[in-house]
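Engineer: A structural model of the following input is requested.
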Amino acid sequence: MITDFFNLGDLIDRSQDQARTAIVDLRDPAAPRSYTYGEMDLLSGGIARHLSARGLPPGARVAIASMNRAEYIAAYFGIMRAGLVAVPVNIKLPDEIIAFLVEDADVALAFTDAGSRARLPAGLPVIDFDNAGPDGFAALIEPAAFETVVPREGALAQILYTSGSTGRPKGVLLSHEGQLWVLKAKAVAPEMAESRQIIAQPLFHMNGLIVTKCAFLAGALLVMMPSFKAAEYTAAMAQYRVTHVMAIPTMFARVVKELEKEPEIDLSSLVQIVLASAPLTLALIDRVEKMIPSATVANSFGTTEAGASVFGPHPDGLPTPPLSLGHPLPGSEVKLVDGPDENHGTLMMRNPAVMTGYNKLPKKTAEVIRDGWYISGDVMRRDENGFFFFFGRADDMFVCSGENIYPNEVEKLLERHPKVQQAAVVPMPDEERGHIPVAFIVAAAGTSPAVEEIKAFSIANGPAYQHPRRIELRADLPLAGTNKIDRNALMRRARDLETAGGWST
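Structural biologist: Numbers count the residues shown, from 1 in each chain. A predicted model of the protein is given here:
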C-alpha cells in the first residue's frame, strides 16, 4: 500500500513476487533486456550504497542525463533512497542550457550515457552507464540491499526543470511527501498488477516519471523505449500486448497515422489510453477509438508545479463528459480566478504536492504561489456538474483585432473537418491586427484538402476572427523534446513562410 512508503525512491512492494518482470528495456530492439522487480530493487540499492560510500552529504543533488533505459530508473530510485535529490536533465536542450541547469541545481555528480556524456560540463564527476572500464557503471555499482533513508519532513526528493520555452528553465522543487501524496491520490487499483504498460516519453518530464512510478507501485510490466518513434512505438504495443497507456496526444496522433498505413497491426490488447500534458481534441479521441475500438480514451491533467493528481471521477458516479479533465479529487482544492465568474477563469490549485518553489527564484515563486495556492496559467471552465474543461493557456492567448484567441480552441475546430488529421495554430505578428492566427495542417489519410476549403469551414463553424489567415499543409508537425508540438519552431516557420511567400495555396 502507498501508505507504507516514506521515500519516493522505494516504491517496490516486497510482499509481491520479486521474480515478476518489471521492465523490458528496448534500448536495443534486436536484443531486449528484461529486469525483474528483485533485480531492479537490488540495482537501486547498489546505487544508493555507492552514493553513500562516496560521502555525498544528505540532500546533495545528483543528475541523470541519459536516454530512457532501465539503469535510468534504478539511478532515479537509488539517488532518493540514499537521501539525495534526483535531478533528471533534459538532454534535448542546447549544451549551454544544460551547463546552466547543472550549475543552477548545484549538481555534485551525474549519471549519464555515452551519447550525453560530452554534453555535460567539463569537470563534473560522472558515472557512465555505457563505460565498460573501471570507472564505469558496471564496475562501480554492485547490486545490493540498502536500508532506505527516512527523509526529514518536507525534504526534497527531486528537482524537475521546466522546458524553458519562454525563457531559461526553472527548477521545480518537489518533496517526498508531496509526490507520494500524488501517487496515493491516483489510487492505483490492485488489478493493475496484471497490466502491461509502455513508456517512450522522456524520463526528464513529469509525464514519463508518473507512468514509471505508477507502474512500479502496481507491480506492472513496463515496456521502456529509449525515445519516441511512432512506428517502433506502435509495433512494440502490439508485440508486448500492452494493455494500458499514458501518453501525450501528439504521440497518439502519430500512432493513428501508423495504423492507417498498416491496419493489420493488432492493438486489441489495449483497454485504456490516457492522454495528458497537452491539449486534446474530440477529433483525435474519435480517431483513436475508431482505430483501436477495444480501448477507452480519457483526458488527464497535471502540472509539474502542483502534481499530476488534480481531477478524477465524479463523486456521485456521473460519467465524465468527452474532453473533460474530470472532477476535483478529494484533498485537491481548486478554484477559477480572473474570469467573468467563478466557473470561468485561470485555474489555481492547493494540495500537498504543490512545489516548495522554484530553485533560487524567490520572485518567480512569489508570482505563482499565493498562500499555498499555485496559479497554473491554465484557463478553464466548470460545468453545472463540477466537471472541468481546458480552454487554453493564458500565455498562449493572443489578440487579433481586439479579440482574444486561444490556439487550442481553433485547433479543436479545425480538427472537426473530415480532411484534417491534426492541426496546430500559432500567432503571427501583423501590423494592422496585432497578430493573426496561422495554421499548420496534417491532412487525413487519402485526402487533399484545399486551403480555401479549410478557411471556409473555420468561418462557417466558428467566430470569423479566429479563422487561420495562412495555412501550410504538412506531412507532420514538429515535436519538442517532451513530445509536445514545438510551437516555437512553428512560429519561426511562419515567419519564414511569410517572408518567402511560401504558404500553401
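
Engineer: strands of the stretch 101-250 of the chain, start to end?
Structural biologist: Assigned by DSSP state E, counting those that start in this stretch, the strands in the stretch 101-250 of the chain fall at 107-112, 126-128, 156-161, 171-175, 196-199, 221-224, 244-247.

Engineer: do the stretch 401-505 of the chain as well
Structural biologist: Using DSSP E, counting those that start in this stretch, strands in the stretch 401-505 of the chain cover 403-405, 420-430, 434-443, 470-474.

Engineer: now the last one: average pLDDT?
Structural biologist: What that stands for is strand 470-474. Averaged across strand 470-474, the pLDDT comes to 96.

Engineer: mind saving the C-alpha coords of it as PDB?
Structural biologist: The C-alpha trace of strand 470-474 is given here as PDB (Å, rounded to 0.1, in the frame of the first residue of the first chain):
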ATOM      1  CA  ARG A 470      -2.500  31.500 -43.600                       C
ATOM      2  CA  ILE A 471      -2.200  27.700 -43.800                       C
ATOM      3  CA  GLU A 472       0.600  25.300 -44.500                       C
ATOM      4  CA  LEU A 473      -0.200  21.700 -45.400                       C
ATOM      5  CA  ARG A 474       2.500  19.400 -43.900                       C
END
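
Engineer: now the angle between strand 434-443 and it, please.
Structural biologist: Strand 470-474 and strand 434-443 meet at an angle of 30 degrees, taking axes from the mean of the first three to the mean of the last three CA atoms, to 10 degrees as the criterion.

Engineer: packing partners for strand 470-474?
Structural biologist: If you count contacts as 3 or more CB pairs under 8 Å, 6 or more residues apart in numbering; DSSP states H and E, strand 470-474 packs onto strand 434-443, helix 451-461, helix 487-500. (Each C-beta comes from the backbone N, C-alpha and C, glycine too.)

Engineer: gap between it and the chain center?
Structural biologist: 27 Å (CA atoms, centre = their mean, to the nearest Å).

Engineer: tell me which strands that strand pairs with, and in which orientation.
Structural biologist: If you go by DSSP bridges, strand 470-474 pairs up with strand 434-443 (parallel).

Engineer: now the strand it pairs with: mean pLDDT?
Structural biologist: The pLDDT scores in strand 434-443 average 94.

Engineer: span of stretch 440-447 from start to end?
Structural biologist: Taking CA to CA, to the nearest Å, stretch 440-447 runs 16 Å from one end to the other.

Engineer: give the buried residues for it.
Structural biologist: Taking 16 or more other CB atoms under 10 Å as the neighbour-count basis, stretch 440-447 is seen to contain the buried residues 440-444.

Engineer: longest helix in the chain, by number of residues?
Structural biologist: When the chain is parsed with DSSP state H, its longest helix is helix 37-53.

Engineer: so for that one, what's the average pLDDT?
Structural biologist: Per-residue scores along helix 37-53 average to 98.

Engineer: show residues contacting the one helix or strand K364 maps to.
Structural biologist: Element membership for K364 (DSSP states H and E) is helix 362-368. Residues from elsewhere that reach helix 362-368 (CB atoms under 8 Å, 6 or more residues apart in numbering): 170, 305, 357-358, 374-375, 377.

Engineer: hmm, back to that, I'd like the buried residues of stretch 440-447 laid out as JSON lines, including distance to I285.
Structural biologist: What follows is the buried residues of stretch 440-447, written out as JSON lines (distance: CB to CB, whole Å):
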{"residue": "F440", "distance to I285": "21"}
{"residue": "I441", "distance to I285": "19"}
{"residue": "V442", "distance to I285": "17"}
{"residue": "A443", "distance to I285": "19"}
{"residue": "A444", "distance to I285": "15"}
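
Engineer: name the nearest of those relative to Q197.
Structural biologist: V442 (27.3 Å; CB to CB).

Engineer: beta-bridge partners for that closest one, please?
Structural biologist: Counting by DSSP bridges, V442 forms beta bridges with Q422, R474.

Engineer: how much space between F389 and H344?
Structural biologist: Remark: distance between F389 and H344 (CB to CB, to the nearest Å) = 10 Å.

Engineer: which parts of stretch 488-496 are buried?
Structural biologist: 490, 493-494.

Engineer: one more: stretch 44-57?
Structural biologist: 44-52, 56.

Engineer: with adjacent residues omitted, what lies nearest to the most centrally placed residue in the chain?
Structural biologist: Against the mean C-alpha coordinate of the chain, by CA atoms, centre = their mean, the closest residue is N207 at 3.0 Å. Nearest non-adjacent residue to N207, counting by CB to CB, 6 or more residues apart in numbering: S277, 4.6 Å away.
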